[in-house]
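*Asks:* task: produce atomic coordinates for the following.
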Amino acid sequence: MPRRAGAAARPGAAVTAAALFPFRWLGAAPLPPPPPPPGPGPAAESHRATSRPAARPVPSPPRPEPSAAGREAAMSLLSTLVPLLRVYRIGLLVILHQLRRRLRPRCPPAPVFPTQNGKVAIVTGGAKGIGYQTVKHLARLGMHVIIAGNSESEGQEAVRKIQEETLTGKVEFLYCDLASMKSIRQFVQRFRAKDCPLHVLVNNAGVMLVPERNTEDGFEEHFGLNYLGHFLLTNLLLDMLKQSGTHSHNARIITVSSATHYVGKLHLNDLQSRCSYSPHGAYAQSKLALVLFTYRLQHLLTANGSHVTANVVDPGVVNTELYKHVFWVVKVAKWMTAWLFFKTPEEGASTTIYAAVSAEMEGAGGCYLYNEERTKSADVAYDEELQRRLWTESCKMVGISDESSRVL
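*Replies:* Have a look, this model is predicted:
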């Protein structure tokens, strides 16, 4: 007798197909009941003999492991892509900050600096860009400025133009290739032969996002030129700076870094980027190294009581020739928007000039300056152990003894 709809099934009762699929209201015919299992006897034996065993599931083939070459290619791509994204991200943030500053209804008046008659300055990379504007302004204030550069023709042309613009400016050019330790030493010898004091050293020159290549001494170019060249130059001129500084008028060392140092990673075991080269990572590392170097140098100068200060400046994103190695899309975007988003070279030089001559910076060292204001650098830059280790390794690379006694 059929069970009433909704009646509970008795324990042990077989569940029919009609109970599993009660969809007669959809118009479908009920499924036929399954055949009863064969009972004991010859029929059952025949059924067992003729029935097929249940098919076993076929295991899926094991997923092949990625080859070593594939993993290496993926890691190489990642090590190139991550620094690129970090550098462009920090660049975009700086550009937006500059735009907000430019759109302010009232801009602060340009500072008025004291005259610098009788003082002598060296500016690396002073033939164009930020360096050129730095030289021109220092010369207008009465300084005798030496342009240190690796192009005789560009240097002499810069000297001619600055002398025409300033009329009274005393400017000269001396050849110095910061990618060559030999050239740096020769420059220092020629400068010493002039038998003049040195009150201001501006470490301004640099390269950006160059393809993988080495200096004549075998250093990766960003690290070798941007950082090691200035490290050696500063150390070789340090005794002259200490002799020129006084209690009331300290000699000053100004090193130009960049906001990219915030995303830089210092690889002490691979400072030359031999394992995996990224132009963006190498550039950011060189700029971080300059900040670490400045802080370590100021620590040593302070410990000795020297009348020399060392500060680092961030010029911002400036419309210069440094962008020759960026992607063509970036070049097009820069060409179209630089007038609005980028600083001019003169605006980019303002913080360097402020650090070099302002009365507010007298006796102040170990500062990171942006838009003529002291600000905080990357947290890692304050790591004193990292500063010390980089200093020691740099001394080995450029061939000078790690004399903290030399600075102390």
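
*Asks:* spatially nearest residue to the residue nearest the centre of the chain (excluding sequence neighbours)?
*Replies:* Nearest to the geometric centre of the chain sits A284, at 2.1 Å (Cα atoms, centre = their mean). For A284, ignoring the flanking residues on the chain, the nearest one in space by Cβ to Cβ, 6 or more residues apart in numbering is G264 at 3.6 Å. No exception for glycine: its C-beta is placed from N, CA and C like everyone else's.

*Asks:* same thing with H267?
*Replies:* Closest residue in space to H267, ignoring its immediate chain neighbours: Q285 at 6.9 Å, by Cβ to Cβ, 6+ apart.

*Asks:* okay, now the unreliable bits of the stretch 301-408 of the chain?
*Replies:* Scanning the stretch 301-408 of the chain for pLDDT under 70 picks out the ranges 403-408.

*Asks:* returning to what we had before: if you count neighbours, what's buried in whichever strand or helix holds the residue nearest to H267?
*Replies:* According to DSSP states H and E, Q285 maps onto helix 279-304. In terms of neighbour count (16 or more other Cβ atoms under 10 Å), helix 279-304 has its buried residues at 279-301.

*Asks:* do the same with stretch 316-331
*Replies:* Quick answer for stretch 316-331 (16+ other Cβ under 10 Å): G316, V317, V318, N319, T320, L322, Y323, V326.

*Asks:* render the CA-only coordinates of it in CSV, please.
*Replies:* Provided in CSV are the C-alpha atoms of stretch 316-331 (Å, rounded to 0.1, in the frame of the first residue of the first chain):
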residue,chain,number,x,y,z
GLY,A,316,62.0,67.3,-5.7
VAL,A,317,61.0,66.2,-9.2
VAL,A,318,62.8,68.6,-11.5
ASN,A,319,62.7,69.1,-15.2
THR,A,320,66.2,68.3,-16.2
GLU,A,321,68.0,66.0,-18.7
LEU,A,322,68.2,63.2,-16.1
TYR,A,323,65.1,61.6,-17.7
LYS,A,324,66.8,60.5,-20.9
HIS,A,325,66.7,56.8,-19.9
VAL,A,326,63.1,56.6,-18.8
PHE,A,327,60.4,54.8,-20.9
TRP,A,328,59.2,56.7,-23.9
VAL,A,329,55.7,56.9,-22.4
VAL,A,330,57.2,58.7,-19.4
LYS,A,331,59.1,61.0,-21.8
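
*Asks:* quick one: distance of stretch 101-121 to the chain centre.
*Replies:* Put simply, stretch 101-121 sits 28 Å off its chain's centre (Cα atoms, centre = their mean, to the nearest Å).

*Asks:* need the contact list for the closest residue to S258 other than its chain neighbours.
*Replies:* Leaving aside its sequence neighbours, S258 sits nearest to K287 (Cβ to Cβ, 6+ apart; 4.4 Å). K287 makes contact with N226, S257, S258, T260, H261, G264, according to Cβ atoms under 8 Å, 6 or more residues apart in numbering.

*Asks:* with E157 instead?
*Replies:* Taking Cβ under 8 Å, 6+ apart, we find E157 in contact with A127.

*Asks:* now it: how far from L233?
*Replies:* For E157, the distance to L233 equals 23 Å [Cβ to Cβ, to the nearest Å].

*Asks:* same question, M336
*Replies:* Going from M336 to L233 by Cβ to Cβ gives 37 Å.

*Asks:* likewise for D217?
*Replies:* Distance, D217 to L233, using Cβ to Cβ: 14 Å.

*Asks:* which of those two has more neighbours?
*Replies:* Per other Cβ atoms under 10 Å, whichever of D217 and L233 has more neighbours is L233, with 24 against 15.

*Asks:* so the more buried one is in contact with F191, correct?
*Replies:* No - between L233 and F191 there is no contact under Cβ atoms under 8 Å: 10.0 Å.

*Asks:* how many neighbouring residues does V145 have?
*Replies:* V145, neighbours per other Cβ under 10 Å, totals 28.

*Asks:* tell me the SS of it?
*Replies:* Following DSSP: H, G, I helix; E, B strand; the rest coil, we place V145 in the strand state.
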